[in-house]
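>>> One predicted model, sequence on top.
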Amino acid sequence: MKAKEIRELSTEEIQTRISEEREQLAQLKFQHAIADLQNPLVLRHKRRLVAQLETILRERLEATAAA
């Protein structure tokens, strides 16, 4: 998901997406601890997506607070 696509989402949608992605990341980490993942780069992708979502959410909340 690109930053432009994330910015088009509402604040509630971003928050929901963050919680869903965190849950998926936790499941992937658990699976990786038990047995090897077929594609371990999925972990990196999920981590970065969560960070990107959180950054855009923080930007939006700071802009709202400043106004």
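Perfect, thanks for sending it.
>>> What is the burial count for L53?
Applying other C-beta atoms under 10 Å, we find 23 other residues in the vicinity of L53. From N, CA and C alone the C-beta is placed, and that goes for glycine too.
>>> Report the distance from the helix or strand that contains it to the chain centre.
Element membership of L53 [criterion: DSSP states H and E] is helix 41-66. Distance of helix 41-66 from the chain centroid (C-alpha atoms, centre = their mean, to the nearest Å) equals 6 Å.
>>> In terms of secondary structure, what does it contact?
helix 3-7, helix 11-34 (3 or more C-beta pairs under 8 Å, 6 or more residues apart in numbering; DSSP states H and E).
>>> Including mean pLDDT, could those helices go into CSV?
Below are the helices and strands packed on helix 41-66 laid out as CSV (pLDDT from 0 to 100):
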stretch, mean pLDDT
helix 3-7, 94
helix 11-34, 97
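>>> Minimum distance to T55: which of those has it?
Among the helices and strands packed on helix 41-66, the nearest to T55 by C-beta to C-beta is helix 3-7 (8.7 Å).
>>> got the buried residues for the closest one?
Judged by neighbour count (16 or more other C-beta atoms under 10 Å), helix 3-7 contains these buried residues: I6.
>>> contacting residues around that helix?
The contact list for helix 3-7 (C-beta atoms under 8 Å, 6 or more residues apart in numbering) reads I14, Q52, L53, I56.
>>> try 6 Å this time
By C-beta atoms under 6 Å, 6 or more residues apart in numbering, the list of residues contacting helix 3-7 from outside reads I56.
>>> cool, stretch 57-67 as well?
Counting by C-beta under 6 Å, 6+ apart, T11, I14 sit against stretch 57-67.
>>> one more time with 7 Å, if that's ok
Stretch 57-67 has contacts (C-beta atoms under 7 Å, 6 or more residues apart in numbering) with T11, I14, Q15, I18.
>>> Thank you, goodbye.
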